[in-house]
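Student: fold the following for me, if possible:
(4 chains)
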Number of protein chains: 4
Amino acid sequence: MIRLRYLVNLSYEIVDRTADFLFLVEAARTARQSVVEEELRLTPAIPVTQYTYPDSCNRMLRVQSKRGRLAVRYEAVVEIDHRLDEWKSLHEVPVADLPFDVLPHLAPSRYCESDRMMEFALREFGGMQRGYARVYAIREWARQHMRYLSHSTNERTSAIDTLVERTGVCRDFAHLMIAVCRALSIPARISSSLDYGADPAMGPTDFHAIVEVYLSGGWYLLDPSGVSIPTGLLRIGTGRDAADIPFAAIFGNVRSERPYIEVEALTDPAAGIEMPLATLKAISTW
Amino acid sequence: MIRLRYLVNLSYEIVDRTADFLFLVEAARTARQSVVEEELRLTPAIPVTQYTYPDSCNRMLRVQSKRGRLAVRYEAVVEIDHRLDEWKSLHEVPVADLPFDVLPHLAPSRYCESDRMMEFALREFGGMQRGYARVYAIREWARQHMRYLSHSTNERTSAIDTLVERTGVCRDFAHLMIAVCRALSIPARISSSLDYGADPAMGPTDFHAIVEVYLSGGWYLLDPSGVSIPTGLLRIGTGRDAADIPFAAIFGNVRSERPYIEVEALTDPAAGIEMPLATLKAISTW
Amino acid sequence: MIRLRYLVNLSYEIVDRTADFLFLVEAARTARQSVVEEELRLTPAIPVTQYTYPDSCNRMLRVQSKRGRLAVRYEAVVEIDHRLDEWKSLHEVPVADLPFDVLPHLAPSRYCESDRMMEFALREFGGMQRGYARVYAIREWARQHMRYLSHSTNERTSAIDTLVERTGVCRDFAHLMIAVCRALSIPARISSSLDYGADPAMGPTDFHAIVEVYLSGGWYLLDPSGVSIPTGLLRIGTGRDAADIPFAAIFGNVRSERPYIEVEALTDPAAGIEMPLATLKAISTW
Amino acid sequence: MIRLRYLVNLSYEIVDRTADFLFLVEAARTARQSVVEEELRLTPAIPVTQYTYPDSCNRMLRVQSKRGRLAVRYEAVVEIDHRLDEWKSLHEVPVADLPFDVLPHLAPSRYCESDRMMEFALREFGGMQRGYARVYAIREWARQHMRYLSHSTNERTSAIDTLVERTGVCRDFAHLMIAVCRALSIPARISSSLDYGADPAMGPTDFHAIVEVYLSGGWYLLDPSGVSIPTGLLRIGTGRDAADIPFAAIFGNVRSERPYIEVEALTDPAAGIEMPLATLKAISTW
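Tutor: Model (predicted):
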């Protein structure tokens, strides 16, 4: 069992008369993740509408703010009970057996143009042993053929750009891995998290994009950019790709400051609350 | 009230030992559309799994076929009770008031890269009177700035390609219109239908892609390519863009023939079943 | 007659054992532009190879530098004798009459994908009166449909991106205008210059990309981004697009500082040396 | 010594009042290739302007045709005296030593976006032994990672598309190889030829796009798609990429038929005229 405390501070200056915000910063409540405590505070203290999407468990906040400053502070303590499975037991599920609600995760999406990568995916990974090993090989391919380079890409960069330019940040690694998986008929989606365990030399704590793939009847988490300790990855939101889960979608003329984020592991060995540690096992999120 | 009979004949030759198919050809059952009768026949008569997605009402068929030939024949009689609204009464819904399940239709998707068209959309349409009139102006813009040209595009063509190349078929018109609407914070989605009323000189009856936009609390149908009579447009599937609603998603090595399609209006004036006619009103699908 | 003094200071730190540089910063010597005086100084004082391309008059410098710092300082006084023509007299030259050495400027190039803009160009500008008026209309179109926004694009941005995203800097305006001209069979090329007359509020003096089009047997200069006074535009290099005329092409691991540039008009009314002034006439560079 | 006879038949129907054509079908006259005899015949017998570009040796034909039919028939006997060099002796020329007229072949071009492939090229080929062996490894990479698939691409397809989609025809293989070479600072260009020696099962004799790279002071020919016998490759035109050397550039509304092409080797052992044979040596074109 892992327990994480995290804090997200967002700051905006609204230039128009009003602006609308959709925030996705709250920890998801899932079968393997529970929110022990949390506090949301807006300054000024304007009304917030909250909605949890039934399929994704994404907890969206909607706010309309008037001209001036808006600060959003969210703090939570979250418990994660990742199930660690032997990766050798995990198989790819044939299309004929996939649940219907999983099938949409085979389709291409804004940043994951899997339809254009069929030949590439088949040539590189088509002959491999199917299952978790193949998925992990895709993750390793990305790490060996790409350079992690801060600020090398932007919010328009897609998996195709990344396959060509071979540089990017966590979301670019995630999009490329997702696109390759889907091209091989392996359902894949993105999740937003925090980069627990990242090297502080790479910059301050930040949001983090990771991948979930569907194997053996459930979703398994991988971190293709390899910057974090996967067992320390909580779930904020999940979707087809980054277009579905921005931490803030903003409608109106707004100046944004860089988010300030903290994350730490809380331990309590007596209660079985341990530090997130590296593992060779597959990390189930269901 | 409109009553349509349609027939879809699909023919495949499976080259691999098996192949999987996901078909989306059955008429949706919605508040405004009912299926009076229908028949699905596969040759050979292999098992079919059917599933209706609760949000979209899409009725998916899943089939696993062995090597050899597969024919799918679907015939249905469908009644549509489009509500015709005065377009002047239809307003755009502010983001703050959009239902949460409509919000995902503001995000960019595989073929509708609205995130890259913000400046374009604002410059061309930002100053217009908001509401149905603006949506209709987008539709007219597409028709005036694009050329309908069969076979000029392919299944990889997206709204960005279309904005540059200014040629395309129905799905390209639809993707461009959807992307522009989303760039203006107007929820928009694609629907698959049949091109009832199309000029036979343009080719045989075919599937048809159209647009639905969310205004005044509901979805309204527009045909940006203008090839059909909109009141004769039944709904098969709906989704973010063409990636969500292929009439056939095929997994395996398969040779496909061109679909054969028929559609006709059945009338019964005594029962109030009329011919689909052109209308200046807005066509509600909810 | 215009006389300009300009200074370019470039600074590099070579990280590898050696690095190669190709500089294109010297003023071209053309029928309408002469170099009154110039001085090139490298620190350290390493050898430079100089070459003038016969077709373009581009004066390239080649340098191989060892690890450490390299500074390049170029200063020149240039006289420009632009011929100002009545634009009404300038006609488009039919392909059948174009000089063979002008024909390559009809082909698409790295940043000017004119081949994908045929339909767009024909629809927007196909029906216009041909000649300078049409070329000027293209320039005005760019200014009315695009936003000049510093740092909105990068060195990979092409005319297609710009047609979609409608933002950019001088080189993006130039690439889009060139692509449209070529799509209409009007030869067009890029020239590098300095932004004489630019609003200091937009930033320090900088290199500037402008367009030359071939009309009535010669090349005419236009500034599609409109940031400078065109009569004050000297010629450094010319080519198909920005790929041909970087002020510095660098081979090796090098850290670059932002160039420092000065440009000023020197006047001597007694000698007929005037200030660059706005003009309604067409500016010939041949 | 190789002697080839070839025939090109082109047929058009001009729909507009007139149309302009630029043809590049005549055999180049170079240091290693001479035209023994040739005949050009237009039907109707309208005037042709001929021009040979001094740098490329490309021999362009310009024709203006009135409404109606136009047939172009060109037949030639060409002698090629390829010099075959030991590939081990061929080295890459440092940028500092490249002739100035070769330097432009390092720049990206319309279909060879080498600027976006730097990281990819360095990762795949950066650590290899430099020289012909590295160039040949790039050629082999293309053949091992791509599928030759007729009609899979079109005239808008560029090296980036090919790197993503991994399918294409000869010009796509050529563009990708050129882009990778340039990304590694190896000058590379395209040449147009005929597919001598191609498997007739792949279709009728056709134009063929191949690559020339600059090594050890000269240009060497490679056929990345591997469909022909390289010693039987005559030179028609050469340029940065396919944008420079279309066999026919057409200005006006014209219907084109598929070109009809013949090529055969003429042998005369007594005179040292041999059949084109496979070789392990490097084929020099200078």
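
Student: for residue A:29, what are its contacts?
Tutor: By Cβ atoms under 8 Å, 6 or more residues apart in numbering or on different chains, the residues touching residue A:29 are A:35, A:52, A:57, A:59. C-beta coordinates here come from the backbone N, C-alpha and C atoms, glycine included.

Student: tell me how far the closest residue to chain D within the stretch 151-286 of chain A lies from residue D:244.
Tutor: With Cβ to the nearest Cβ, the shortest gap between the stretch 151-286 of chain A and chain D falls at residue A:166, namely 4.0 Å. Going from residue A:166 to residue D:244 by Cβ to Cβ, to the nearest Å gives 28 Å.

Student: can you check residue A:114 too?
Tutor: Separation of residue A:114 from residue D:244 (Cβ to Cβ) stands at 34 Å.

Student: tell me the pLDDT of the nearest residue to the residue of the stretch 151-286 of chain A closest to chain D once chain neighbours are set aside.
Tutor: Leaving aside its sequence neighbours, residue A:166 sits nearest to residue D:119 (Cβ to Cβ, 6 or more residues apart in numbering or on different chains; 4.0 Å). Confidence at residue D:119, expressed as pLDDT, is 97.

Student: burial count for residue D:119?
Tutor: Residue D:119 has 20 neighbours, counted by other Cβ atoms under 10 Å in any protein chain shown.

Student: now do the SS call for it.
Tutor: Using DSSP: H, G, I helix; E, B strand; the rest coil as the criterion, the local structure at residue D:119 reads helix.

Student: that one reaches residue A:167, doesn't it?
Tutor: Yes: Residue D:119 is in contact with residue A:167 according to Cβ atoms under 8 Å; the separation is 5.4 Å.

Student: which neighbours do those two have in common?
Tutor: In contact with both residue D:119 and residue A:167: A:146, A:147, using Cβ under 8 Å, 6+ apart.

Student: if we can go back for a sec, now, the contacts of residue A:29 that are in helices?
Tutor: Among these, DSSP state H puts none in helices.

Student: which of these are buried?
Tutor: When those are checked for burial by 16 or more other Cβ atoms under 10 Å in any protein chain shown, the buried set is A:57, A:59.

Student: now residue A:22: closest residue in space that isn't a chain neighbour?
Tutor: Nearest to residue A:22 is residue A:249, by Cβ to Cβ, 6+ apart, at 4.2 Å.

Student: could you report the pLDDT at residue A:202?
Tutor: pLDDT, residue A:202: 88.

Student: hmm, residue D:123 and the residue of the stretch 151-286 of chain A closest to chain D touching each other?
Tutor: Yes: counting by Cβ under 8 Å, residue A:166 touches residue D:123, with 6.4 Å between them.

Student: those two: which is more packed in?
Tutor: It is residue A:166, of residue A:166 and residue D:123, that has more neighbours when counted by other Cβ under 10 Å, with 24 against 14.

Student: any idea how far the more buried one is from residue D:158?
Tutor: Distance, residue A:166 to residue D:158, by Cβ to Cβ: 17 Å.

Student: repeat for residue A:5
Tutor: Residue A:5 is 49 Å from residue D:158, by Cβ to Cβ.

Student: which one of those two is surrounded by more residues?
Tutor: residue D:158 (23 against 15).

Student: would you map the strands across the stretch 1-150 of chain A?
Tutor: Remark: strands assigned in the stretch 1-150 of chain A by DSSP state E, counting those that start in this stretch are A:2-23, A:33-43, A:49-52, A:59-80, A:83-85, A:147-148.

Student: what about the shortest one, near chain C?
Tutor: No: in this structure, strand A:147-148 remains apart from chain C according to Cβ under 8 Å from any Cβ of the partner chain; the gap is never smaller than 13.8 Å.

Student: and the average pLDDT for that strand is what?
Tutor: 96.

Student: what strands line up against it, and which way round?
Tutor: Taking DSSP bridges as the criterion, strand A:147-148 forms sheet pairs with strand A:167-168 (parallel).

Student: how far does the partner strand sit from its chain's centre?
Tutor: Distance, stretch centre to chain centre, for strand A:167-168: 17 Å (Cα atoms, centre = their mean, to the nearest Å).

Student: average model confidence for that strand?
Tutor: In this model, strand A:167-168 carries a mean pLDDT of 97.

Student: how is chain A partitioned into domains?
Tutor: Under automatic domain parsing, the residue ranges defining each domain of chain A are A:2-81+A:246-271, A:85-244.

Student: what about the first one, start to end distance?
Tutor: Criterion Cα to Cα, to the nearest Å; first-to-last residue distance in domain A:2-81+A:246-271 is 11 Å.

Student: re earlier: any idea how many residues pack against the residue nearest to residue A:22?
Tutor: If we define neighbours as other Cβ under 10 Å, then residue A:249 has 18 of them.

Student: which elements pack onto the one helix or strand it maps to?
Tutor: Element membership for residue A:249 (DSSP states H and E) is strand A:248-251. When contacts are defined as 3 or more Cβ pairs under 8 Å, 6 or more residues apart in numbering or on different chains; DSSP states H and E, strand A:248-251 packs onto strand A:2-23.

Student: for the strand it packs on, packing partners?
Tutor: Packed against strand A:2-23 by the contact rule (3+ Cβ pairs under 8 Å, 6+ apart) you find strand A:59-80, strand A:248-251, strand A:254-256, strand A:260-266.

Student: could you say what helices and strands the shortest one packs with?
Tutor: Using 3+ Cβ pairs under 8 Å, 6+ apart as the contact criterion, the elements in contact with strand A:254-256 are strand A:2-23.

Student: give the rounded mean pLDDT of the strand it packs on.
Tutor: On average, strand A:2-23 scores 97.

Student: do the same with stretch A:33-42
Tutor: Average pLDDT, stretch A:33-42: 98.

Student: and chain B, is it touching that?
Tutor: No: Stretch A:33-42 does not reach chain B (Cβ under 8 Å from any Cβ); its nearest approach is 14.8 Å.

Student: buried ones in that stretch?
Tutor: Under the neighbour-count criterion of 16+ other Cβ under 10 Å, stretch A:33-42 has A:33, A:40, A:42 buried.

Student: show me the beta-bridge partners of the second one.
Tutor: What it means is residue A:40. Counting by DSSP bridges, the residues bridging with residue A:40 are residue A:74.

Student: how near is it to chain C?
Tutor: Applying Cβ to the nearest Cβ, to the nearest Å, the value for residue A:40 to chain C is 34 Å.

Student: OK, contacts around that residue?
Tutor: Counting by Cβ under 8 Å, 6+ apart, residue A:40 has contacts A:26, A:48, A:61, A:72, A:73, A:74.

Student: do the same with the first one
Tutor: Applying Cβ under 8 Å, 6+ apart, one finds that residue A:33 lies in contact with A:27, A:78, A:79, A:80, A:81, A:234, A:235, A:285.

Student: just give me the neighbour total for the nearest residue to residue A:128 once chain neighbours are set aside.
Tutor: Distances taken as Cβ to Cβ, 6+ apart place residue A:134 nearest to residue A:128, at 4.6 Å, with adjacent residues excluded. Residue A:134: 20 surrounding residues under other Cβ under 10 Å.
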